[in-house]
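Participant: Attaching a predicted model along with its sequence, questions to come.
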Amino acid sequence: MLAKNFTLLFYLKKRSNYVSGELPVYMRITVNGTRSEMSMGRDCEPEKWNNISCRRTGTKSDTKEFNAYLATVQSKVYQVYRSLLETGAELNAENVRNMLTGVSGRPKMILEIFKDHNHKLNQLIGKGFAKSTLTKYKTCYDHTSEFIQCKYGKSDLDIQKLNYEFISEFDFWLKSQKSCGHNTVMKYLTNFKKIVMICVKNGWLNQDPFANYKMSRQVVNRSALTEAELGRIAGKDFENERLNQVRDIFLFSCFTGLAYIDVYNLSRQQIIEGINGELWIVVNRQKTNSESRVPLLPTALQILERYADHPQCVIVGRLLPVLSNQKLNAYLKEIADVCRIDKRLTFHLARHTFATTVTLTNGVPIESVSKMLGHSSIKTTQIYAKIVDRKISEDISILKIKFG
């Protein structure tokens, strides 16, 4: 149903020097107080024009054809208006006219642009982008689509609706309806901002809706295994061979700092002889494509030697028989129970443990830890690497001796 603030009128337009004869027929579109006019390319004598029906009077075939043309134009205008109304596009008379004449085509839509971005990203998997990156954008797309449907009752939305209110409402919706934590919401909005900036850089949007929106992340106190907990896991001989295997791969990550996907893909070609004549792991992290260089500590080297002839490793050409991340985490939960570790044991916890318990706690400079973790900024390393109390105590003891 059309809104009351939409009107359409056909009328004869008089020229200033008009004396007699035919006048051009014009159409006036009024939407929310805005007007736009355009010629119909038809002329009519004033005495044959009905100002009430806005049609030509008469029964001849040429009159019927004339009025049928105006009725067709009117129908098209209604269709265009309904389309703008349903998609949430900017409603004004100029937009209706532009869509009718094809001057600017249909409005740019948020989800269409988002979908095109994801389609192009999919073609770049393995060419500078990881599959996990696409997964994140797909999830963000799904949330955006659901938000637009819930908030605006539409399947898509004109990019002209993107403003500070949209962003802040999206933030609130993710927290209240999707129960997302603050930092998770910031990740989604960071992904969505890339889509918005596509609109801004192409000149489709005059200003950045994020301009006055504060993007901030809360500092998270990341957990890591203590030296005692790490020792309990390493010293436990599980009756289940699969648990022993999962334990070994988890420990390998604890002593190398490699993320799950990098351990999963680890191959013989990524083990090289380092500057000190010992073996190093050199990989480009799949998540960021940044280089990670890690000397192999004895524990990690022993684990590699243990699985050198494992059938799964031989068949796929990888160094460790790594299960899916989901299965690994399920077994790690069981390992935590058996070893009486009151922490949520996940594979990613191994990376935190490497940063804190294995390296920083034992005096390895944060610059070296950052390089081994493959971080481009030490600031990122500081988020992972919570320096534990023992290291702080040792540093203060040295300081006391110096000042004593």
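Facilitator: Yes, it's here. Worth saying up front: this structure is predicted, and the values here are computed from it rather than measured. Residues are numbered from 1 along each chain as shown.

Participant: Tell me which residues of the helix or strand where residue 251 lies come out buried.
Facilitator: Using DSSP states H and E, the element containing residue 251 is helix 241-254. Under the neighbour-count criterion of 16 or more other Cβ atoms under 10 Å, helix 241-254 has 243, 245-254 buried. For glycine as for every other residue, the C-beta is placed from the backbone atoms N, C-alpha and C.

Participant: for that helix, what is the average pLDDT?
Facilitator: When pLDDT is averaged over helix 241-254, the result is 93.

Participant: following that helix, which helix or strand comes up?
Facilitator: Following helix 241-254 in sequence, per DSSP H and E, is helix 260-264.

Participant: Partner strands of whatever helix or strand comes next after that next one, with direction?
Facilitator: Note on helix 260-264: by DSSP H and E, the next helix or strand toward the C-terminus is strand 271-273. Applying DSSP bridges to the sheet, strand 271-273 is found paired with strand 279-284 (antiparallel).

Participant: so how many other residues sit close to residue 365?
Facilitator: Using other Cβ atoms under 10 Å, residue 365 is surrounded by 11 other residues.

Participant: Mind pulling the model confidence for it?
Facilitator: pLDDT at residue 365 comes out at 85.

Participant: Then residue 311?
Facilitator: At residue 311, pLDDT is 88.

Participant: Roughly how far does it sit from residue 173?
Facilitator: 50 Å (Cβ to Cβ, to the nearest Å).

Participant: Same drill for those two, tell me which one is more crowded.
Facilitator: Taking neighbours as other Cβ under 10 Å, residue 311 and residue 173 compare with residue 173 leading, 17 against 9.

Participant: Excluding residues flanking it in the chain, which one is nearest the more buried one?
Facilitator: Distance criterion Cβ to Cβ, 6 or more residues apart in numbering; nearest residue to residue 173, sequence neighbours excluded, is residue 147 at 5.1 Å.

Participant: Pretty sure residue 293 sits in a helix.
Facilitator: No: looking at residue 293 with DSSP: H, G, I helix; E, B strand; the rest coil, it is strand, so not inside a helix.

Participant: got the contact list for the closest residue to it other than its chain neighbours?
Facilitator: Of all residues not flanking residue 293 in the chain, residue 282 sits nearest, at 5.2 Å (Cβ to Cβ, 6+ apart). The contact partners of residue 282, taken as Cβ atoms under 8 Å, 6 or more residues apart in numbering, are 270, 272, 291-294.

Participant: doesn't residue 335 make contact with residue 247?
Facilitator: Yes: with contact defined as Cβ atoms under 8 Å, residue 247 reaches residue 335; the gap is 5.9 Å.

Participant: Out of the buried residues of helix 241-254, which is nearest to residue 371?
Facilitator: residue 253 (17.1 Å; Cβ to Cβ).

Participant: Next, work out how far apart the closest one and residue 310 are.
Facilitator: 17 Å.

Participant: the longest helix in the protein is where?
Facilitator: Secondary structure of the chain per DSSP state H: the longest helix is helix 61-87.

Participant: Show me how far it is from its chain's centre.
Facilitator: 41 Å (Cα atoms, centre = their mean, to the nearest Å).

Participant: For that helix, what does the pLDDT average out to?
Facilitator: 88.

Participant: same check, this time on stretch 30-46
Facilitator: 87.

Participant: What ranges does the stretch 51-200 of the chain have for its helices?
Facilitator: 61-87, 93-101, 110-122, 131-152, 164-176, 182-201 (DSSP state H, counting those that start in this stretch).

Participant: These into a markdown table, with extra columns for distance to residue 22?
Facilitator: As requested, the helices of the stretch 51-200 of the chain are exported to a markdown table (distance: least, Cβ to Cβ, whole Å):
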| stretch | distance to residue 22 |
| --- | --- |
| helix 61-87 | 12 |
| helix 93-101 | 23 |
| helix 110-122 | 45 |
| helix 131-152 | 46 |
| helix 164-176 | 50 |
| helix 182-201 | 46 |
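
Participant: what is the rounded mean pLDDT of the host helix or strand of residue 397?
Facilitator: Using DSSP H and E, residue 397 maps to helix 389-403. Helix 389-403 shows a mean pLDDT of 76.

Participant: Pull the residues that contact that helix.
Facilitator: With Cβ under 8 Å, 6+ apart as the criterion, helix 389-403 contacts 360-361, 363.

Participant: Could you give the backbone dihedrals for the residue nearest to residue 148 when sequence neighbours are not counted?
Facilitator: The shortest distance from residue 148 to any non-neighbouring residue, by Cβ to Cβ, 6+ apart, is to residue 157 (5.0 Å). Per-residue torsions, residue 157: phi -140, psi 140 (degrees, to the nearest 10).

Participant: What is the neighbour count of residue 157?
Facilitator: 23.

Participant: now do the same end-to-end measure for stretch 21-41.
Facilitator: 16 Å (Cα to Cα, to the nearest Å).

Participant: what's the answer for stretch 44-51, then?
Facilitator: Termini of stretch 44-51 sit 12 Å apart (Cα to Cα).

Participant: what do you get for stretch 358-368?
Facilitator: For stretch 358-368, the end-to-end distance is 13 Å (Cα to Cα).

Participant: what's the closest of the buried residues of helix 241-254 to residue 33?
Facilitator: Closest to residue 33, out of all of these and judged by Cβ to Cβ, is residue 253, at 64.0 Å.

Participant: so who does that closest one touch?
Facilitator: Counting by Cβ under 8 Å, 6+ apart, residue 253 has contacts 259-260, 263, 347, 350-351, 354.

Participant: Would you format these as JSON lines with pLDDT and distance to residue 114 included?
Facilitator: Converted to JSON lines, the contacts of residue 253 look like this (pLDDT from 0 to 100; distance: Cβ to Cβ, whole Å):
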{"residue": "259", "pLDDT": "88", "distance to residue 114": "27"}
{"residue": "260", "pLDDT": "91", "distance to residue 114": "28"}
{"residue": "263", "pLDDT": "92", "distance to residue 114": "33"}
{"residue": "347", "pLDDT": "91", "distance to residue 114": "31"}
{"residue": "350", "pLDDT": "92", "distance to residue 114": "34"}
{"residue": "351", "pLDDT": "89", "distance to residue 114": "31"}
{"residue": "354", "pLDDT": "92", "distance to residue 114": "36"}
